[in-house]
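Asker: next one to model:
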Amino acid sequence: MAATATTAEIATDLLSGQQLAHLLPPSWKEDIPKWFAEDTPSFDWAGFVVGESDQEAFLWGKSGGVVAGVPFFTEIFKYVDCSVEWLVEEGTAIPDGEKTKCAIVRGKARNLLLGERVALNLLARCSGVATVSRRFRDMARAEGWKGLIAGTRKTTPGFRLVEKYGMLVGGIDPHRHDLSSMVMLKDNHIWATGSITNAIKAVRRVAGFSLLVNVECQDEAEADEAIAAGANIVMLDNLTGADLHGAAKSLKDKWRGKKEFLIETSGGIVEGSLTSRVGPDIDILSTSAVHQGTPHVDFSLKIQPVKK
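Answerer: Next up, the predicted model:
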C-alpha cells in the first residue's frame, strides 16, 4: 500500500486556503476559562493600574519559526473583549534575527494585559511544534522520501489539541489523537493476550471494519505474524540501519500482491537520526521529537505609547 497524497501535501493545500482552523471542535473553547482561572485566580493587581482606556498592542515575532496557533490566540483575546488583526498568515515562516510584526490586538488596556500571557503561551508552544515539524518534513523531503512523518500521543496533558494542531500547520501527520482513534497493539497488549495473533483476533471482534490496527513489532518475524493476522500497519519499533531496511524490504517482497499494509518506523528518532530511518520500503516515520522538548518560538506583545 503506497501513500498517494501525503498528509504533508494535503496540509499544504489546506493552508493555502486557511482552512485548518475549521478542524477544531467547538468544545476546545471550554478550556479558555480554565486557562484564565489558572493565570488569574484572584485579583488582577497590575491591571488595576492601567485602567479601561482603549489601546493597541503589536504582536512581535522575535525568533525564527513557523507561526501556528492563530485560532487559539484570537479566541483567547475575544474572551476578554479584544480583537485581533493578523498581519501574517498561519503557517508563515518568520525570519530569525529580526523582529516581525505579526498582529495588532485592540481592546481596553487592562484586558490586553489580562490576555497577554495566556495567548502568548499558546502561540509560542504551538509555533514551536509547527517549526520543528516543518524542519523534520523538509529534511525527509530533501532525501526524496515521500512517506508520512507523524507525531505521537506523548503530548502534554491538556495540551494535545494545541500540539496536534501545530503538527498539521508544520505539514506533518498528527498520527492518532487518542486511544479511540486507531487500534495500537503494543508489547503489553501482546504479552497480556499471549500472542500477536490472539491480540489482533480479539480486537477485530470489537473494533469492526472502520478502525486500522497498528501492531508494535520487535523484529521481522513478529511483523510477519501481524501481517498474516490482518494488521494494517506494522511498527518496526527501535529497529535501525540494515536491520530496519532489510526487514522492511523482505516484508514488502513477501506479501506483495497478497496483503496490503504499511510499515512504520519508530523509537528514538531525533533530528540527527531522521534521514537514516527513511527508505523506499518505509511508509511512516513516527516520533515524539517534534513535540517533546521542542523550543518555543519567542513572541511579545507591546502596547503602543499613547500619542500626546
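Asker: can you tell me how far the residue lying closest to residue 162 once chain neighbours are set aside is from residue 42?
Answerer: Nearest non-adjacent residue to residue 162, counting by CB to CB, 6 or more residues apart in numbering: residue 126, 5.1 Å away. In short, each C-beta sits where N, CA and C put it, glycine included. According to CB to CB, to the nearest Å, residue 126 and residue 42 sit 28 Å apart.
Asker: give me the more crowded residue out of those two.
Answerer: The residue with more neighbours, out of residue 126 and residue 42, is residue 126; 31 against 5, by other CB atoms under 10 Å.
Asker: double-check that one against residue 76; I have them as touching.
Answerer: No. With contact defined as CB atoms under 8 Å, residue 126 does not count as touching residue 76 (11.8 Å).
Asker: can you show me the strands along the stretch 1-150 of the chain?
Answerer: 54-61, 65-66, 83-86, 93-94, 100-108, 148-150 (DSSP state E, counting those that start in this stretch).
Asker: how about CSV for those, with mean pLDDT and mean neighbour count added?
Answerer: Formatted as CSV, those follow (pLDDT from 0 to 100; neighbours: other CB atoms under 10 Å):
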stretch, mean pLDDT, mean neighbour count
strand 54-61, 96, 19
strand 65-66, 96, 26
strand 83-86, 98, 15
strand 93-94, 95, 18
strand 100-108, 97, 19
strand 148-150, 96, 24
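Asker: any idea which of these gets closest to residue 253?
Answerer: strand 148-150 (21.5 Å; CB to CB).
Asker: now that closest one, how far from the centre of its chain.
Answerer: Distance, stretch centre to chain centre, for strand 148-150: 10 Å (CA atoms, centre = their mean, to the nearest Å).
Asker: same question, stretch 245-252
Answerer: Worked out by CA atoms, centre = their mean, stretch 245-252 lies 28 Å from the chain centre.
Asker: begin at 41, not 1, for the rest of this chat.
Answerer: Got it, first residue is 41 now, which makes that one stretch 285-292.
Asker: dump the C-alpha coordinates for it into CSV.
Answerer: Output in CSV follows, covering the C-alpha atoms of stretch 285-292 (Å, rounded to 0.1, in the frame of the first residue of the first chain):
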residue,chain,number,x,y,z
HIS,A,285,15.6,-1.6,5.9
GLY,A,286,16.3,-5.2,5.4
ALA,A,287,13.2,-6.3,7.3
ALA,A,288,11.0,-3.7,5.6
LYS,A,289,12.1,-4.9,2.1
SER,A,290,11.7,-8.5,3.0
LEU,A,291,8.2,-8.0,4.2
LYS,A,292,7.2,-5.9,1.2
